[in-house]
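Engineer: for reference, the sequence and a predicted model appear below.
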Amino acid sequence: MTPVIPKQAVNQLKKLLDNFKINEAIELCSNEAQTRKFLIEPFFFMLNYESNNLIPEYNADFGDRISQKIDYAILLNKKDTILVEAKKYNSKLTDKEAGQLNGYFNNTKNSKIAILTNGIEYRFYSDVVEPNIIDSKPFFTFNITAYTETDLETLITFDKRYVNILQIVKSAQEIVFVESFETAFFKELIAPSKDLLKSIHKNMTFNTKFNEETQGKMINLINSSFLKCMYDKKVLLESMSNSQGVITTEAEVQAYHTIRTLLIQNKKIPNDRITYRDFKSFFNISVDDSTKKVICKLVFSDSKMKVIIDNNEYLLEHIDDLLKYKNELTNRTILLLES
C-alpha cells in the first residue's frame, strides 16, 4: 500500500532545501570526493537517509569479471536498491553518461532506479523502455538551485519514509508513455503520414479522389490556427458532454487562454497546474482543479462580463481588459501555489 504523503512533509523538505547553505558548500567542492561530502550526501540526508542506508563504493557483482564499484547504493530494504553515480560539481551531465550505469544496473540485484548527479542536478532513470537497460532519458530531473512545487512533490516520493519503488516505476512508465505519445503525435502534425490522411479522408463527407492534390490540400490545412480551432471545439464538446446543462462559451475559453498565458510568463507558475471548471452561473480558473485554490471567477452573461479575484470584482468591456489585472492574477496564483 502506497503511504499518503502529508503536505507538511513537502513543506519540511522545502524548508530544509531553502536553509541549505548551497553557496558555502559549492565553495568547498573542487573535486568529486568533496562534491559527495558537501553536496550529495547532505541532499540524501534531507530525504531522511542515514549513513547505513547510503553505502559508498558499493560493489556491483559482475560474476566472473572483476568487481566494479558504484559511487553509492541506497539500500532501502532486502528487495530494493537505488544506484547513484556521482560526478564532480560543475560537471556537465549528459544522458550518454547515464549509459555508464548500465553495467551496474544490470548486475545489481533488484535495482530499478539509478541517479546521475553532480551535486546540483539529479537525474532519475529507470528501465521503462527495455528491461534491465537504462532509459535514454531521465523520467525526473531535480535541480537543487531551481525547482517548482511540482518538483518538490515528486522528490518527496523518494524520501526514505515514503519511497515505494513499484509506485515510482509505475509513475515513470506513465511519464514515458505520455512523452512517447506526444512526440509521435507531434510528428504526425508536422508531417502527416499518408495513413493518417487516408483515415481522415475516409471520414470526410465531401467526396474527392485520394490523390496527391487532395493530400496536399489536407496537409496545408493542418496548421497552428486550424489546430487551435479544433482544440477549442473539443473543449466545448467535452464541457457539454461532461456537465449537466453547463455550456462553456467561446468567450470563457478565450478568457481562460488569456489568463493562462499571462500567468505562465512567470517562471514560478507551472503551466500544467492552471486548470478551469465551468459551472452553470460562473467559470472558475484554479490551481490543480481545486475549489479551495480558485485564482479567479468569471461571470459572463449576454449583458456584462466580470472577473472576481480574491473577492474583488472587476467589470470587463473586452476580454483584453484582463491584461490590466496581470499583477493581481499572478500574485494570487503564486500565493495559492505556496499554500
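Structural biologist: Happy to help now that I have it.

Engineer: please make it C-alpha for all contacts and neighbour counts, starting now.
Structural biologist: Fine.

Engineer: not counting sequence-adjacent ones, nearest residue to residue 112?
Structural biologist: Once flanking residues are discounted, residue 112 sits nearest to residue 126: 5.7 Å by CA to CA, 6 or more residues apart in numbering.

Engineer: is that neighbour in contact with residue 116, as I believe?
Structural biologist: No: Residue 126 is beyond contact range of residue 116, at 11.3 Å (criterion: CA atoms under 8 Å).

Engineer: the more surrounded of these two?
Structural biologist: Set side by side, residue 126 and residue 116 give different neighbour counts by other CA atoms under 10 Å, the larger being at residue 126 (27 against 24).

Engineer: from residue 226, how far out is that one?
Structural biologist: Note on residue 126: its distance to residue 226, by CA to CA, to the nearest Å, is 38 Å.

Engineer: repeat for residue 140
Structural biologist: When CA to CA is applied, the distance between residue 140 and residue 226 equals 33 Å.

Engineer: next up, phi/psi of residue 114, please.
Structural biologist: The phi/psi pair for residue 114 (degrees, to the nearest 10) reads phi -130, psi 140.

Engineer: next one: the one 5 residues further on
Structural biologist: Comment: the main-chain dihedrals of residue 119 come out as phi 90, psi -20, following degrees, to the nearest 10.

Engineer: residue 288 and residue 270: what is the separation?
Structural biologist: For residue 288, the distance to residue 270 (CA to CA) stands at 10 Å.

Engineer: again, but for residue 202
Structural biologist: In this structure, residue 202 lies at 40 Å from residue 270, with CA to CA as the measure.

Engineer: so the two - more neighbours on which side?
Structural biologist: Higher neighbour count among residue 202 and residue 270: residue 270, with 16 against 13, using other CA under 10 Å.

Engineer: give me the neighbour count for the closest residue to the more buried one other than its chain neighbours.
Structural biologist: Leaving aside its sequence neighbours, residue 270 sits nearest to residue 264 (CA to CA, 6+ apart; 6.6 Å). The tally of other residues near residue 264 (other CA under 10 Å) stands at 16.

Engineer: what sits against the residue nearest to residue 112?
Structural biologist: Residues near residue 126 by CA atoms under 8 Å, 6 or more residues apart in numbering: 112, 113, 114, 134, 135, 138, 139, 169, 172.

Engineer: which of those residues lies closest to residue 68?
Structural biologist: Within the contacts of residue 126, distances to residue 68 taken as CA to CA reach their minimum at residue 114, with 15.9 Å.

Engineer: I'd assumed residue 102 was in contact with the closest one.
Structural biologist: No: with contacts defined as CA under 8 Å, residue 114 does not count as touching residue 102, sitting 9.2 Å away.

Engineer: who does whichever strand or helix holds residue 253 touch, helix- and strand-wise?
Structural biologist: Mapping residue 253 onto the secondary structure by DSSP states H and E places it in helix 250-263. Using 3 or more CA pairs under 8 Å, 6 or more residues apart in numbering; DSSP states H and E as the contact definition, the elements that helix 250-263 packs against are helix 224-241, helix 326-338.

Engineer: among these, pick out the one with the most neighbours on average.
Structural biologist: Greatest average neighbour count among the helices and strands packed on helix 250-263 goes to helix 326-338 (a mean of 16), per mean count of other CA atoms under 10 Å.

Engineer: any stretches of the chain with poor pLDDT?
Structural biologist: Scanning the chain with the threshold set as pLDDT under 70 gives 1-3, 60-67, 106-109, 235-245.

Engineer: and the residue nearest the centre of it?
Structural biologist: Nearest residue to the geometric centre of the chain (CA atoms, centre = their mean): residue 150, 7.0 Å.

Engineer: what sits against that residue?
Structural biologist: Going by CA under 8 Å, 6+ apart, residue 150 touches residue 270.

Engineer: with residue 127 instead?
Structural biologist: Residue 127 sits next to 112, 113, 133, 134, 135 when contact means CA under 8 Å, 6+ apart.

Engineer: how about residue 28?
Structural biologist: By CA under 8 Å, 6+ apart, the contact set of residue 28 is 34, 35, 38.

Engineer: quick check: closest non-adjacent residue to the second one.
Structural biologist: Once its chain neighbours are removed from consideration, residue 35 has its nearest residue in residue 29; the separation is 5.0 Å (CA to CA, 6+ apart).

Engineer: for the one you found, phi and psi?
Structural biologist: Taking degrees, to the nearest 10, you get phi -100, psi 90 for the backbone angles of residue 29.

Engineer: could you measure from it over to residue 89?
Structural biologist: Here residue 29 is placed at a distance of 6 Å from residue 89 (CA to CA).

Engineer: again, but for residue 284
Structural biologist: Look at residue 284 and residue 89: by CA to CA, they are 45 Å apart.

Engineer: next one: the helix ranked longest in the chain to chain centre, how far?
Structural biologist: Residue-count comparison of every helix in the chain, with assignments taken from DSSP state H, identifies helix 165-190 as the longest. Relative to the mean C-alpha coordinate of its chain, helix 165-190 is positioned 11 Å out (CA atoms, centre = their mean, to the nearest Å).
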